[in-house]
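1. Dropping a prediction and its sequence here:
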Amino acid sequence: MPTAIRIQQIGGPEVLEVAEVEIGPPGPGEVVVDVAAAGVNYIDTYQRSGIYPMTLPYTPGLEGAGTVSAVGAEVTEVSVGDRVAWQGHPGGYAQQAVVPAQIAVRVPDGVSDETAAATMLQGITAHYLLNSTHAVAEGETVLIHAAAGGVGLLLVQLAKAKGARVIGTVSTEEKERLAREAGADEVIRYTEEDFAEAARRLTGGEGVDVVYDGVGASTYEGSLKSLRRRGLLALFGAASGPVPPIDPQRLNAGGSLFLTRPKTDDHVVTREELEWRTRELFEAVAEGSLGIRVGARYPLAQAREAHEDLQGRRTTGKVLLLP
């Protein structure tokens, strides 16, 4: 039987257990994927710890890539032998995963399985943040937290491609180097100075047009202070913990600010929307205009270590498990 990571109870990384699981035949509209690589994301830690409740037991991992080994009835999207990638369905931390065919997209030649797995969830997140949450325009200034992280590096590159001025925040010299290599115009080390004050200084006191904040509790207040009048704070994650309730009057006092908390599911509602986003991402990867940095690779049995390193902010770029 194939090996997988199973979670029997919510808790810390120690609840990630290696187990043998039985994979039955795919049902109608489903495919079985032999998993070559699975992405490790902060949302996996939210689910594991109970912030986002899951039905127990379950196999974590909301994205992956590999080869289709079986298809169920009524599947028209992909065929046996196709290389595919998916996001938005648990089960990626495994040698085999059963995936709805509707969310499995073909991986084009020129994009490896590892790169495809590393592109899906974080790439789609960056794509909708820059194109749908706030359509970044040439000449705008954006502030990107954790600019050397998985989503951060993608946001920096894609925002620069749109002609934006990019300010990134990081914690270390090494992460500053990575953010600058990705194209960041200015980098603030939040461990050494107040990032909101720095953002104001770098914009002549006006503030930035939009802040992309996946950090949450420790940054949201400063993010609001970094915005120009009628600026937008896009809170898309909570790496430092969930944001407490915000009084709408805080937005009023800050200059008629906008606040949104988007999620991926609402931005891949149709197959057409999913294919649009992944097509643009894979094309950019294949032509070399979008670099996908895999910062760490772990064998499946080291899923606990992967979670510990991710939450300890000891990783940069994408974290992968290789079943």
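-> Cool, the structure landed.

2. Buried residues in the helix or strand containing Gly64, which are they?
-> Element membership for Gly64 (DSSP states H and E) is strand 63-71. For strand 63-71, the neighbour count (16 or more other Cβ atoms under 10 Å) marks 63-68, 70-71 as buried. In short, each C-beta sits where N, CA and C put it, glycine included.

3. Verify the stated contact: Lys54 with Tyr46.
-> Lys isn't right for residue 54; it's Met. No. Using Cβ atoms under 8 Å, Met54 is not in contact with Tyr46, being 9.6 Å away.

4. more crowded one of these two?
-> For Met54 versus Tyr46, the count of surrounding residues by other Cβ atoms under 10 Å is larger for Tyr46: 17 against 14.

5. quick one: the helices in this protein?
-> 42-49, 113-128, 150-161, 173-182, 195-202, 220-226, 248-253, 271-287, 303-311 (DSSP state H).

6. Specify which member of the buried residues of strand 63-71 is nearest to Thr315.
-> Of all those, Thr315 sits closest to Glu63, with 16.1 Å by Cβ to Cβ.

7. The closest one bridge partners, please.
-> Gln87 (DSSP bridges).

8. tell me the contacts of it?
-> Contact analysis of Glu63 by Cβ atoms under 8 Å, 6 or more residues apart in numbering lists 38-39, 41, 85-88, 92, 117, 120-121.

9. burial count for the nearest residue to Glu74 once chain neighbours are set aside?
-> Leaving aside its sequence neighbours, Glu74 sits nearest to Pro28 (Cβ to Cβ, 6 or more residues apart in numbering; 4.9 Å). Per other Cβ under 10 Å, the neighbour tally for Pro28 reads 9.

10. measure Pro28 to Thr119 for me?
-> Look at Pro28 and Thr119: by Cβ to Cβ, to the nearest Å, they are 28 Å apart.

11. which residues touch Thr260?
-> 133, 232-235.

12. Leu281 reaches Thr119, doesn't it?
-> Yes. If you go by Cβ under 8 Å, Leu281 and Thr119 touch, sitting 5.5 Å apart.

13. hmm, back to that, pLDDT score for the residue nearest to Glu74?
-> Note on Pro28: pLDDT of 98.

14. Then Gly24?
-> 87.

15. And it, how close does it get to Gln96?
-> Using Cβ to Cβ, which is the criterion applied here, Gly24 is 10 Å from Gln96.

16. Quick one, grab the pLDDT at the residue nearest to the spatial centre of the chain.
-> Using Cα atoms, centre = their mean, the residue of the chain that lies closest to the mean C-alpha position is Gln122, 2.7 Å off. If you check Gln122, the pLDDT there is 93.

17. Look at Leu281 and Thr119 and report which has more neighbours.
-> Counting neighbours by other Cβ under 10 Å for Leu281 and for Thr119 shows that Thr119 has the greater number, 28 against 23.

18. Give me the pLDDT value at the more buried one.
-> Value for Thr119, per-residue pLDDT: 96.

19. Identify the residues contacting it.
-> 85, 111, 278, 281-282, 285, 292.

20. Among those residues, which one sits closest to Ala217?
-> The closest of the contacts of Thr119, once distances to Ala217 are taken by Cβ to Cβ, is Ile292, at 28.2 Å.

21. List phi and psi for that closest one.
-> phi -100, psi 110 (degrees, to the nearest 10).

22. Was I right to think it contacts Asp113?
-> No. Here Ile292 does not reach Asp113: they are 12.0 Å apart, not a contact under Cβ under 8 Å.

23. The residue nearest to the centre of the chain contacts Asn41, correct?
-> Yes. Gln122 is within contact range of Asn41, at 7.0 Å (criterion: Cβ under 8 Å).

24. What distance do you get for Arg48 to Ser79?
-> 34 Å.

25. neighbour count winner among those two?
-> Between Arg48 and Ser79, Arg48 has the larger neighbour count (other Cβ under 10 Å), namely 23 against 13.

26. list the contacts for the more buried one?
-> 7, 10-13, 15-16, 60, 307.

27. quick one, longest strand in the chain?
-> strand 30-40 (DSSP state E).

28. before we move on, back to that, reformat the helices of the chain as JSON lines; add distance to Pro2.
-> Listed next are the helices of the chain as JSON lines, based on distance: least, Cβ to Cβ, whole Å:
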{"stretch": "helix 42-49", "distance to Pro2": "19"}
{"stretch": "helix 113-128", "distance to Pro2": "17"}
{"stretch": "helix 150-161", "distance to Pro2": "26"}
{"stretch": "helix 173-182", "distance to Pro2": "35"}
{"stretch": "helix 195-202", "distance to Pro2": "45"}
{"stretch": "helix 220-226", "distance to Pro2": "41"}
{"stretch": "helix 248-253", "distance to Pro2": "49"}
{"stretch": "helix 271-287", "distance to Pro2": "26"}
{"stretch": "helix 303-311", "distance to Pro2": "15"}
